[in-house]
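Chemist: make a model of this:
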Amino acid sequence: ELLWCAALLHDVEKRTTTVIESDGRITSHGHARKGELSAREILFKEIELAFEQREHIAALVRYHGLPLWILEKTDPVKSLLEAAGRLNVQLLYLLAKADILGRICADQQEMLERVEFFKAFCMEQNCWDSPKEFTNGHARFYYFNTESAAVDYVPFNDLKCEVLLMSALPGMGKDHYIKKHYPTYPVISLDEIRRKHKISPTDKAANGWVVQEAKEQARIYLRQSQSFVWNATNITRQMRSQLIELFSTYKAKVKIIYIEAPYEKWVKQNKNRDFALPQQVIDKMLKKLEVPQLYEAHEVEYIIG
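Modeler: Numbers count the residues shown, from 1 in each chain. I've put the predicted structure just below:
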């Protein structure tokens with residue numbers, strides 16, 4: 001069923017990315033990356049699925065071209081292990097094979113050979129039956145975030161404090177979770193900084209200052225090796241990676257806490273907030289949601305429901 005659903009959705013964003021080049025070629029650059037976001041949105045809003053099922057389908061959509069182009073990646077092993085940490089590579093292999101068999105093209109046999117090579121490559125890297133097991137979260141983080149790192153290298157644990165990086169769409173319950181589970185931790189909240197200085201969330205120019213002010217507060221805690229919570233939406237990988245790079249520079253362990261409620265419950269929670277956002281605003285943010293992955297930080301916790 002996961003494979004079938006991924007097959008239905010794998011090219012969903014060719015509708016927005018397909019162009020005819022000057023030489024007559026038809027291309028759809030970026031359709032898999034954009035397709036992951038759309039698959040997640042469609043399944044979250046319209047179909048009742050378990051979080052793990054939805055994210056597995058979204059990952060299959062995201063990586064459905066990987067078996068064909070694995071050797072063209074800058075680091076094929078790292079690209080493979082990243083995908084294998086998110087999905088069953090046997091399903092990915094079947095999806096790619098079905099995609100090729102469904103085409104009418106002159107190079108079908110060559111494409112099928114590439115898919116078979118992908119299978120052999122997965123077996124060689126010991127991730128055909130299960131994802132790569134790292135010694136600990138620190139070793140996994142080091143491998144995926146350090147250029148030319150050896151896959152089995154275990155770095156010395158010299159981490160001095162912990163930063164809890166919240167990640168959730170507005171109205172999912174971040175503030176409530178922090179108060180309940182981390183009442184003694186200092187909290188750096190972008191929303192609180194905006195309210196204190198009467199800055200609108202839609203003021204893009206001022207929001208740059210808000211982030212810099214929050215980072216300065218973070219540096220104070222980091223220099224003192226003081227653990228703290230960074231409370232903001234952080235719904236894209238780019239947002240998170242900039243912060244994680246800062247925190248890890250100061251030898252902090254980074255734990256991402258991702259919070260999600262079902263769509264209808266989320267809409268209701270947002271309406272009942274003190275600072276509710278318009279429905280069209282939160283739906284626009286949903287379109288950008290990139291769920292945090294294990295390779296982004298030392299630890300990722302998913303609070304679902």
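Chemist: quickly find the element holding L165.
Modeler: strand 161-167 (DSSP states H and E).
Chemist: for that strand, which strands pair with it and how are they oriented?
Modeler: In the sheet, strand 161-167 lines up against strand 228-231 (parallel), strand 252-260 (parallel) (DSSP bridges).
Chemist: columns distance to H56, mean neighbour count and mean pLDDT on top of these, output as JSON lines?
Modeler: All C-beta spots, glycine's among them, are computed from the backbone N, C-alpha and C. Compiled in JSON lines, the strands paired with strand 161-167 are given as follows (distance: least, C-beta to C-beta, whole Å; neighbours: other C-beta atoms under 10 Å; pLDDT from 0 to 100):
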{"stretch": "strand 228-231", "distance to H56": "28", "mean neighbour count": "23", "mean pLDDT": "98"}
{"stretch": "strand 252-260", "distance to H56": "15", "mean neighbour count": "22", "mean pLDDT": "98"}
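Chemist: out of those strands, the one nearest V151 is which?
Modeler: Across those, V151 has its closest neighbour in strand 252-260 (20.6 Å, C-beta to C-beta).
Chemist: give me the next element, helix or strand, following that closest one.
Modeler: Heading C-terminal from strand 252-260 (DSSP H and E), you reach helix 263-271.
Chemist: and the residue of the chain most remote from its centre, helix, strand or coil?
Modeler: In the chain, the residue that sits farthest from the middle, by C-alpha atoms, centre = their mean, is A106; the gap is 35.9 Å. Recorded secondary structure, A106: coil (DSSP: H, G, I helix; E, B strand; the rest coil).
Chemist: still on that earlier bit, tell me what the helix or strand that the strand holding L165 is followed by is packed against?
Modeler: The helix or strand immediately downstream of strand 161-167 is helix 174-181, counting by DSSP H and E. Using 3 or more C-beta pairs under 8 Å, 6 or more residues apart in numbering; DSSP states H and E, the elements in contact with helix 174-181 are strand 161-167, strand 228-231, strand 252-260.
Chemist: measure Q108 to K132 for me?
Modeler: 31 Å (C-beta to C-beta, to the nearest Å).
Chemist: try R25
Modeler: Applying C-beta to C-beta, the value for R25 to K132 is 36 Å.
Chemist: which one's more surrounded, these two?
Modeler: Using other C-beta atoms under 10 Å as the criterion, R25 and K132 rank with K132 on top: 17 against 8.
Chemist: tell me the pLDDT of the more buried one.
Modeler: Listed pLDDT for K132 reads 95.
Chemist: and A261, by the same measure?
Modeler: Per-residue confidence (pLDDT) for A261: 96.
Chemist: what residues are up against the closest residue in space to it that isn't next to it in sequence?
Modeler: Using C-beta to C-beta, 6 or more residues apart in numbering and skipping the chain neighbours, the partner closest in space to A261 is M172 (5.6 Å). M172 makes contacts with 259-261, 266, 269, as judged by C-beta atoms under 8 Å, 6 or more residues apart in numbering.
Chemist: let's see 7 Å
Modeler: Residues counted as contacts of M172 (C-beta atoms under 7 Å, 6 or more residues apart in numbering) are 259-261, 266.
Chemist: cool, and S248?
Modeler: V254 are the contacts of S248 under C-beta under 7 Å, 6+ apart.
Chemist: ok, it to I188 distance?
Modeler: In terms of C-beta to C-beta, S248 sits 16 Å off from I188.
Chemist: kindly report the same for A58.
Modeler: For A58 relative to I188 (C-beta to C-beta), the value is 30 Å.
Chemist: which one of the two has more residues nearby?
Modeler: More crowded of A58 and I188, by other C-beta under 10 Å: A58, with 27 against 21.
Chemist: so which strand or helix has that one?
Modeler: Assessed by DSSP H and E, A58 sits inside helix 51-63.
Chemist: and the contacts of that helix?
Modeler: With C-beta under 7 Å, 6+ apart as the test, helix 51-63 has contacts from 2, 5-6, 9-10, 32-33, 35-36, 39-40, 43-44, 83, 86-87, 91-92, 95, 260, 291, 302, 304.
Chemist: from these, which land in helices?
Modeler: Residues of those located in helices (DSSP state H): 2, 5-6, 9, 32-33, 35-36, 39-40, 43-44, 83, 91-92, 95.
Chemist: now the buried members of the residues you listed.
Modeler: The neighbour-count test (16 or more other C-beta atoms under 10 Å) marks 2, 5-6, 9, 32, 35-36, 39-40, 43-44, 83, 91-92, 95 as buried among the ones in helices among the contacts of helix 51-63.
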